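**Student:** got a predicted structure plus its sequence, pasted below:
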Amino acid sequence: MNILLIGGSGFVGGHLAAHLSAGGHSVLIPTRRRERAKHLTVLPTVDVVEADVHDEAQLAALMRHRDAVINLVGVLRGGNGDPYGAGFARAHVELPRKIVRAVQNCGVPRLLHMSALGADPRAPSAYLRSKADGEAAAFAVSPAVGVTVFRPSVIFGRGDSFLTLFARLLRRLPIVPLACPDARFQPVWVEDVAAAFCASLPRRESFGPMEFLPGAPLTRDNVRSMQVPSVCDNVDGLPFALSATPLETVAPSYLAQPT
Ligand SMILES: NC(=O)c1ccc[n+]([C@@H]2O[C@H](COP(=O)([O-])OP(=O)(O)OC[C@H]3O[C@@H](n4cnc5c(N)ncnc54)[C@H](OP(=O)(O)O)[C@@H]3O)[C@@H](O)[C@H]2O)c1
């Protein structure tokens, strides 16, 4: 497939780009700063371009002749407000709306959208409220487009900010204060997330709503988001017959290294 990977220069995007490339897909990654994604250009079928995906003309040009669009854009700090601050509105809601318009206008048949577990218009955190409106924007796409929304809890793996932050703090401090010691997460390995995105691309059974697994370090809004348990109710393991990789088997391989 010929795939546009928006938000592909970040933590999840880097791992997903490697999976897509290994699967033989051609991948185009737009970024605000090409420097940030330079490491991805070594992947054989991956191209990186500097572009403003908020500009609808540029977005339409990026989408031409694509078989699928994947949107991973997300921010942890988007400002407060009712229902959320301008940064969350721009990245999580306005951008998905523009992406949906462009997907429809350009005739792209497939859209994969990254949300977050606990996304809800009534959630205590602005992050989760804005993610809910982003999901609604994605699902409002015309029926001609197969849409799949992913809702992970916290994602771990090389380059994460979740476990790496705590590992750094534990190395430097005798005591680590926890903002929400009772918070519940269902961490999922980034490679499993990437595998699930790849597996869902051709699968019609993943079109429409779909819950999938793992959060966030530490603004006040992030703390509010931890008041909602970030665990799945009715999902047993991973979709598409993938088996979930336990955190204990992977985390030591990258946390043990000096940072
Ligand atoms: N990491 C987790 O534990 C976790 C858990 C649940 C859900 N998620 C969701 O998964 C997605 C990817 O997360 P991540 O950890 O990979 O994030 P990340 O490393 O911070 O990467 C974010 C990506 O979004 C782009 N981006 C950020 N703000 C933007 C804006 N205002 N306009 C356009 N592009 C923007 C960045 O592109 P540039 O190159 O232009 O900077 C980058 O490619 C997000 O939607 C996040 O909410 C993550």
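**Tutor:** Noted; the coordinates are in hand.
**Student:** alpha carbons only for contacts and neighbour counts from here, please
**Tutor:** Fine.
**Student:** setting aside sequence neighbours, what's the nearest residue to V12?
**Tutor:** Distances taken as C-alpha to C-alpha, 6 or more residues apart in numbering place V190 nearest to V12, at 6.4 Å, with adjacent residues excluded.
**Student:** neighbours around that neighbour, how many?
**Tutor:** 25 (other C-alpha atoms under 10 Å).
**Student:** that one against H15, yeah?
**Tutor:** Yes: using C-alpha atoms under 8 Å, V190 is in contact with H15, at 7.0 Å.
**Student:** ok so, going back, quick one: the residue nearest to V12 from A241, how far?
**Tutor:** Plainly put, V190 is 17 Å away from A241 if you go by C-alpha to C-alpha, to the nearest Å.
**Student:** same check on F197?
**Tutor:** 13 Å.
**Student:** who has more neighbours out of the two?
**Tutor:** F197 (23 against 9).
**Student:** check the offset of the host helix or strand of the more buried one from the chain's centre.
**Tutor:** Per DSSP states H and E: F197 is located in helix 190-200. Put simply, helix 190-200 sits 11 Å off its chain's centre (C-alpha atoms, centre = their mean, to the nearest Å).
**Student:** same check on stretch 19-38?
**Tutor:** That offset, for stretch 19-38, works out to 15 Å (C-alpha atoms, centre = their mean).
**Student:** now do the same end-to-end measure for it.
**Tutor:** Stretch 19-38 has an end-to-end distance of 17 Å (C-alpha to C-alpha).
**Student:** give me the contact list for it.
**Tutor:** Outside stretch 19-38, the residues that touch it by C-alpha atoms under 8 Å, 6 or more residues apart in numbering are 1-10, 17, 43-53, 194-195, 198.
**Student:** just the buried members of those?
**Tutor:** Neighbour counting over the contacts of stretch 19-38 (16 or more other C-alpha atoms under 10 Å) leaves 2-10, 17, 45-49, 51, 53, 194-195, 198 as the buried ones.
**Student:** on contacts alone, who are the packing partners of the least confident helix or strand in the chain by mean pLDDT?
**Tutor:** Across the helices and strands of the chain, mean pLDDT, DSSP states H and E gives its lowest value to helix 220-225, namely a mean of 76. When contacts are defined as 3 or more C-alpha pairs under 8 Å, 6 or more residues apart in numbering; DSSP states H and E, helix 220-225 packs onto helix 126-139.
**Student:** which residues of the chain lie near the ligand?
**Tutor:** 7-13, 31-33, 36, 72-75, 91, 114-116, 152-155, 214-216 (C-alpha under 6 Å from any ligand atom).
**Student:** got a quick PyMOL command for the buried subset of the residues you listed?
**Tutor:** Command for PyMOL, covering only those of the residues of the chain next to the ligand found buried under the criterion 16+ other C-alpha under 10 Å:
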select buried, resi 7+8+9+10+11+12+13+31+72+73+74+91+114+115+116+152+153+154+155+214+215+216
